[in-house]
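Trainee: I need the structure of the sequence given here:
(3 chains)
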Amino acid sequence: MKAYPFPPAYRVVKGRDFARLKVEGKVFRTKKLIFNYAPATLSRVGVIVTKKVGNAVFRSLVKRWVRESYRLTRPTINQPIDIVIIPRTSKLSFAAISQDLSFFIGWLDEKNTH
RNA sequence: AAAGUAGCACACACGACCGCUGACACUUGUGUUGGAGGAAAGUCCGGACUCCGUAGAGCGUGAGGCUGGCUAACGGCCAGAGGCAGCAAUGCCAUGGAUAGUGCAACAGAAAAGACACAGCCUAGCAUGACUAGGUGACGGUGAAAUGGUGGGGUAAAAGCCCACCGGGUGGCUGGUGACAGUCAUCGCGUGUAAACCCCCUCAGGAGCAAGGUCUCAUAGAGAUGCGUUGCGCUGCGGCGCGUAAGGAUUGCUCGUCCGAUGCAUCCGGGUUGACUGCAUGAGGCAUCAGGUAACUGGUGUCCCAGAUAAAUGGUCGUGCACGACAGAAUCCGGCUUAUGUGCUACUUUUUCG
RNA sequence: UCCCGGAUCGUCCAAAGGCAGGACAACGGUUUCUGGUUCCGUUAAUCUAGGUUCGAAUCCUAGUCCGGGAU
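Mentor: I've put the predicted structure just below:
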């Protein structure tokens, strides 16, 4: 049994889903990331990295960081939810992304219990 | 040792665990194995490949431009010629034609391509002048550029007018495949700009993988092909003119070509979304032998080496060091250009020591 | 990914290879008791680097940035 699998089903892929999350979803912001989220039947994640973040190499690295940190924190999500993560700045690191993501999930958990 | 010139190589490595992605196996969720670059970049050139049969012919337009070779092709590469820069190693050059023609050369300057006028110099005349006639040709605050240059002879004053050397044009001879070089004779020889128009030579049909092809699903009509018919006037019954229709299409224009109004018959197509395909065995890599100064070519052996589609290479730990620059494939190749870290080799100049 | 177009004062536009001009804006003055209007003046630019040319915003080459089209 795999501990932290991350198959393609766990990703937001369709352009329609991105548009739906943008219109119907709610927004949560930290200093470095923006989270668009909405309830779903299966928890999924998507990443949008704009050109102001950096060049192609760095954009691709940021996407890998986001996916890796999501893969590791996904078991802590209690309610199924779709998330689109949008980095806001070029001052990023893997540690910062992980910290913000787990903070967002903790905030979400607390909100649902109340 | 310092400064410089040219070329080549590498692009953090290894191991463990957790993940991503292609292929192949079988026990269908495991295993084995492959997984970014020298520039993947810019999209600046050249091709392959695909579609457009209204893609033909001519003109135009665009690109290239010393010579010979290489190449699928090129604006690329190699070997040379000439010129420029540098003490040198070496580097750079859109480098055909300015007597085929046209244009332009601001300001300044007498004059900017017409060698004339103006100013000057000289001679002659008598009216002795701010004069007339003739000779002369670059001397004259310029200018980016001034009618080949320097020196001498010559003359009334001068001038390729004459001579020597240098430069240039034309013709011959020699060497070279050739660009060109050398040499002899001859001509006293009217600027620059062709990255201005242009002339000459060479090349180019257009669009681009979001090209193009196949399938599924839903919706509802339009298209293709073939055959026939089509008005009026003249008539020698072959045709001719007018009209429908002085129209439309053909990715710059012309010619040429095609279409057209209506009836019948036959056939079934179009767009959207998604999937598959195009799509990785190639003008391929490596080794070696042969030919060639070289670029490159040929033979033999061997290898298969990314293929995604919100888009695959990351995270953690350990060890080592130079502590890791520029930077991410998207149809594929050959170049060019730009960005960029480290190391090595050869050569040049200068200095010091032996 | 493929294919196009552009870059001139702070802004919007001009400019046959020969002094970069106009409008608005800004600033200073004039007029007014003050402000506005009017009038006068000033400041201010050729995306960058090379090349051709006597001379480049203009011609050529390379780069940088911005914008557009094709799903």
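Trainee: elements contacting the strand or helix carrying A:Val62?
Mentor: Per DSSP states H and E, A:Val62 falls inside helix A:56-73. For helix A:56-73, the packing partners by 3 or more Cβ pairs under 8 Å, 6 or more residues apart in numbering; DSSP states H and E come out as strand A:44-47, strand A:81-87, helix A:94-113. C-beta coordinates here come from the backbone N, C-alpha and C atoms, glycine included.
Trainee: what angle separates it from helix A:94-113?
Mentor: 40 degrees (axes from the mean of the first three to the mean of the last three Cα atoms, to 10 degrees).
Trainee: neighbouring contacts of helix A:56-73?
Mentor: Outside of helix A:56-73, the residues within contact range by Cβ atoms under 8 Å, 6 or more residues apart in numbering are A:4-6, A:11, A:45, A:47, A:49, A:51, A:53-54, A:83, A:85, A:87, A:90, A:92-94, A:97-98, A:101-102, A:105.
Trainee: Please export the C-alpha coordinates of that helix as PDB.
Mentor: Output of helix A:56-73 as PDB, limited to C-alpha atoms (Å, rounded to 0.1, in the frame of the first residue of the first chain):
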ATOM      1  CA  ALA A  56       9.900  28.700 -17.600                       C
ATOM      2  CA  VAL A  57      12.300  26.700 -15.400                       C
ATOM      3  CA  PHE A  58      11.300  28.400 -12.200                       C
ATOM      4  CA  ARG A  59       7.500  28.200 -13.000                       C
ATOM      5  CA  SER A  60       7.800  24.500 -13.600                       C
ATOM      6  CA  LEU A  61       9.800  24.100 -10.300                       C
ATOM      7  CA  VAL A  62       7.000  26.000  -8.400                       C
ATOM      8  CA  LYS A  63       4.400  23.600  -9.900                       C
ATOM      9  CA  ARG A  64       6.400  20.600  -8.600                       C
ATOM     10  CA  TRP A  65       6.800  22.200  -5.200                       C
ATOM     11  CA  VAL A  66       3.000  22.800  -4.900                       C
ATOM     12  CA  ARG A  67       2.200  19.300  -6.100                       C
ATOM     13  CA  GLU A  68       4.700  17.700  -3.700                       C
ATOM     14  CA  SER A  69       3.500  19.600  -0.700                       C
ATOM     15  CA  TYR A  70      -0.100  18.800  -1.600                       C
ATOM     16  CA  ARG A  71       0.800  15.100  -1.900                       C
ATOM     17  CA  LEU A  72       2.200  15.100   1.600                       C
ATOM     18  CA  THR A  73      -0.600  17.100   3.300                       C
END
